[in-house]
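**Student:** predicted model, plus sequence, below.
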Amino acid sequence: MSEMQSIQWFPGHMTKTKRQIQASLKLIDAVAEIIDARIPVSSRNPDLNKLIQNKPRVILLNKSDMANQTATKKWIEYFKNQDITAIAVDCKSGRGINQFVPAVNRVLSKKITALKEKGMINPTLRIMIVGIPNVGKSSFINRIAKQNRAKAEDRPGVTRGNQWYTIAKNLEMLDTPGVLWPKFDDKTVGEHLAFTGAVKDRILDIELLAVRLLDFLKKLKPKDFIARYKLEESDVENSESYDLLKLIGKKRGMLVSGGEINTERAAIMLLDEFRSAKLGKITLEMP
Ligand code: G4P
């Protein structure tokens, strides 16, 4: 997957992004890191810790509508044990979004107290959103902004070029998110990003990717997956993943002239249906 990394995130690109985030960090008091609830490891950028130093942070496990609920609860617990506040959200329906402001206030409570002790009466604090591409940053910002129409762009003292949404009393959010680069060091990370659609298909071998996804589904045997393609459990257990892909193609009537199975079409469909959670609410990574 190192080829993929070089296509999407060459070093110059990363340096520029890093610099932009560092500049924004000077303006804010806390960071909201959006990750994908289905892949909480692969959708994080491990360099973020170094980048944000010890700024307070909230983690948003987004796309929780497509993740396994028990797994998401375990992840929230896992982060809690590390003293990190994490909440599950779904920007498609808006579920969980109302936990956001209270969570931010919680992580900022020390700072608010300190500022008040210094004599500031109602200090306004600011946050920014960060996350890898496709994780739902714009969806989240749009939702929060819609709920809080009053934009603060005309207020004096606001840096030109930055716009802020007032999202609660004394709380503002930067309108542009920090885009983090995904880390492909590990083959599994690259694959998980590809399964969930975080990286573009056109630079990947789609059939190989589908076979790798089937390797995973064979172990997990999600009920929705088996039912959707009218498979037998024994097919799933005993077939090689490529044969399973062929079987799925056959069941869906994806044939080319001569009666051969169009495995490319089957692969595209499988990935597509996985990405839209039609094969079940599946979390690929556990704490
Ligand atoms: P980004 O700014 O971080 O790059 O991500 P963006 O908000 O553009 O979201 C990427 C895709 O993920 C979008 O789908 C968006 O609708 C979807 N998405 C975001 N949050 C959630 C969520 O909580 N649940 C689900 N199921 N999907 C979510 P898209 O297909 O690219 O666009 P669209 O067809 O929805 O417009």
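**Tutor:** Sure thing, it's come through.
**Student:** three-state assignment of the nearest residue to I87 once chain neighbours are set aside?
**Tutor:** Sequence neighbours aside, Q99 is the residue nearest to I87 in space, at 4.5 Å (criterion: C-beta to C-beta, 6 or more residues apart in numbering). For the C-beta atoms, the positions are set from N, CA and C on the backbone; glycine is no exception. Following DSSP: H, G, I helix; E, B strand; the rest coil, we place Q99 in the helix state.
**Student:** Q99 touches T85, doesn't it?
**Tutor:** No: using C-beta atoms under 8 Å, Q99 and T85 do not qualify as a contacting pair, with a distance of 9.6 Å.
**Student:** more crowded one of these two?
**Tutor:** Neighbour totals were compared for Q99 and T85, and T85 leads with 19 against 15 (other C-beta atoms under 10 Å).
**Student:** list the contacts for the more buried one?
**Tutor:** The neighbours of T85, taking C-beta atoms under 8 Å, 6 or more residues apart in numbering as the test, are 57-59, 79, 103, 106-107.
**Student:** distance of the residue in the stretch 151-287 of the chain that the ligand sits nearest to relative to D186?
**Tutor:** Residue nearest to the ligand within the stretch 151-287 of the chain (C-beta to the nearest ligand atom): P177, separated by 6.6 Å. Computed as C-beta to C-beta, to the nearest Å, the P177 to D186 distance reads 25 Å.
**Student:** comparing these two, which shows the higher neighbour count?
**Tutor:** With other C-beta under 10 Å as the criterion, P177 and D186 differ in neighbour count, and P177 comes out ahead with 21 against 12.
**Student:** low pLDDT regions in this protein?
**Tutor:** Applying pLDDT under 70 to the chain picks out residues 1-11, 147-161, 201-203.
**Student:** what does it put close to the ligand?
**Tutor:** When proximity is defined by C-beta under 6 Å from any ligand atom, the chain lies next to the ligand at 62-63, 65-66, 90-92, 131, 133-139.
**Student:** wait, isn't Y242 in contact with V211?
**Tutor:** Yes: with contact defined as C-beta under 8 Å, Y242 counts as touching V211 (5.4 Å).
**Student:** what's the burial count for Q22?
**Tutor:** When neighbours are counted by other C-beta under 10 Å, Q22 registers 13.
**Student:** just to revisit the earlier point, gap between the residue nearest to I87 and A30?
**Tutor:** 15 Å.
**Student:** now M14
**Tutor:** M14 sits 23 Å away from A30, taking C-beta to C-beta as the criterion.
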